[in-house]
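# Here is the input, now give the coordinates:
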Amino acid sequence: MRKAFLKGLSDGIPIGLGYFSVAIGFGIMAGVTYLVRMIPFTLFRRQIKSDFIRSALYYLPYTVLSAMTLPTIFYSTGNLATSIVGTVVALIVAFFDKPLIVVALAASASALIADFII
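From the prediction side, this is the model:
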């Protein structure tokens, strides 16, 4: 019984260390997320009066979202031509105020059809 316990303990130590490193990673991510959200409150205690800075902060979320999304759009299919076809179709369908699911399905279908043709 003691031998089985010690064997289980020695087998479980590497697994526990793996979970420990994951927990440390989650802790670091939580800390970074918290700092990113709290630093503006500590640095800017007064209302920002500069129209330039207020405008830049207003458009910042759209800029970050675009910077994260656009490269993924053009490199997701592995073929630039099919990505461009899907993007153009998505822009045309979105221009006519269709729901997001319709835009996504039309873009995906057009990229797939273009991939079959090319």
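# Mind listing residues that contact whichever strand or helix holds residue 106?
Residue 106 is located in helix 100-117, with elements delineated by DSSP states H and E. With CB atoms under 8 Å, 6 or more residues apart in numbering as the test, helix 100-117 has contacts from 77, 79, 81-83, 85-87, 89-90, 93-94, 98. The way it works is simple: take the backbone N, C-alpha and C, and place the C-beta from them, glycine included.
# how far does it sit from the chain's center?
Its chain's C-alpha centre and that of helix 100-117 lie 21 Å apart, by CA atoms, centre = their mean, to the nearest Å.
# Would you mark the buried spots in it?
103, 106-107, 110-111, 114-115 (16 or more other CB atoms under 10 Å).
# Would you mind giving those residues as CSV with pLDDT and distance to residue 58 added?
Formatted as CSV, the buried residues of helix 100-117 follow (pLDDT from 0 to 100; distance: CB to CB, whole Å):
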residue, pLDDT, distance to residue 58
103, 95, 25
106, 97, 30
107, 95, 28
110, 96, 33
111, 93, 32
114, 94, 36
115, 92, 38
